[in-house]
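J.: okay, structure incoming, though there's no sequence with it:
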């Protein structure tokens, strides 16, 4: 455990030195504040809670931005250090390779969690400061959105490590990371929509649809945050969530599995990799 914390602290210090923490926090806070004050403007005419509109806007932003940030942080975590020769120096100490992966994961997730919670928290405080009437259920949904955003970041940090272990060059890792981001964030849903239109409910229904949605962590995130209550009505995801019939507890488990499995596989492969 001590070795893991040492490596995690090293990653956090490097993130501070490279301005990753400051840049990411400022970016998320700026976008969250913009969406808070501009995106909540129409609520007066439709009678919807301002915070519900903000949740829809920020969830849509998170699906695109947080996975990209997570992959940029993690895609060269292993292959980059191998190219620089620092990994061999690190492994010359009495430390296990799996501890390197876990320590890096803790450090990178801490950076991402701080940036997300601080950025989105600033938006919530700003909206609260305006004196808007917001009920407790909306605040619970907002906190759930922030925490699940951190979980989504953990998923793509783990995927970034898997990429970093599998490739041999840093440039290749960057290209694969962008391809993975495009696949999960854009291409997968476009292909799924096309499949549903062509299928007309003949084959893709019930359990098959559930499996296809669970196979993409960004869809799991969308269903968790945009699939129920007032937020579901605003986002248009309510109907999909009803057809999928996936309870929130299962969606949380799915996000946890998506975070743990790639990280575990990366640690296993790295333990057997020749340096």
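T.: Structure's in. What do you need? From a predicted model like this one, the values you see are computed outputs, not experimental measurements.
J.: max-length helix in the chain?
T.: helix 97-129 (DSSP state H).
J.: how far out from the middle of the chain is that one?
T.: 11 Å (C-alpha atoms, centre = their mean, to the nearest Å).
J.: got the angle for the helix or strand just after it vs helix 97-129?
T.: Per DSSP states H and E, helix 97-129 leads on to helix 136-166 as the next helix or strand towards the C-terminus. Angle of helix 136-166 versus helix 97-129, following axes from the mean of the first three to the mean of the last three C-alpha atoms, to 10 degrees, is 150 degrees.
J.: low-confidence regions, this protein specifically.
T.: 38-49, 130-133, 201, 227-244 (pLDDT under 70).
J.: please redo it, this time with the cut-off set to 80
T.: Counting by pLDDT under 80, the chain has low-confidence residues at 1, 18-21, 35-53, 127-138, 196, 199-207, 227-245, 274-275.
J.: and the residue nearest to residue 102 when sequence neighbours are not counted, backbone torsions?
T.: Distances taken as C-beta to C-beta, 6 or more residues apart in numbering put residue 4 closest to residue 102, at 5.2 Å, once the chain neighbours are dropped. From N, CA and C alone the C-beta is placed, and that goes for glycine too. With angles defined as degrees, to the nearest 10, residue 4 sits at phi -60, psi -40.
J.: wait, residue 4 sits on residue 99?
T.: Yes - counting by C-beta atoms under 8 Å, residue 4 touches residue 99, with 5.3 Å between them.
J.: contact partners for the residue nearest to residue 164 when sequence neighbours are not counted?
T.: The shortest distance from residue 164 to any non-neighbouring residue, by C-beta to C-beta, 6+ apart, is to residue 78 (4.0 Å). Taking C-beta atoms under 8 Å, 6 or more residues apart in numbering, we find residue 78 in contact with 87, 101, 161, 164-165, 266, 270.
J.: which one of these is nearest residue 18?
T.: residue 164 (16.8 Å; C-beta to C-beta).
J.: contacts only, for that closest one.
T.: 74-80, 173, 266.
J.: now, among these, which is nearest to residue 144?
T.: residue 74 (24.4 Å).
J.: from what I can see the closest one touches residue 153, true?
T.: No - counting by C-beta under 8 Å, residue 74 does not reach residue 153; the two are 9.6 Å apart.
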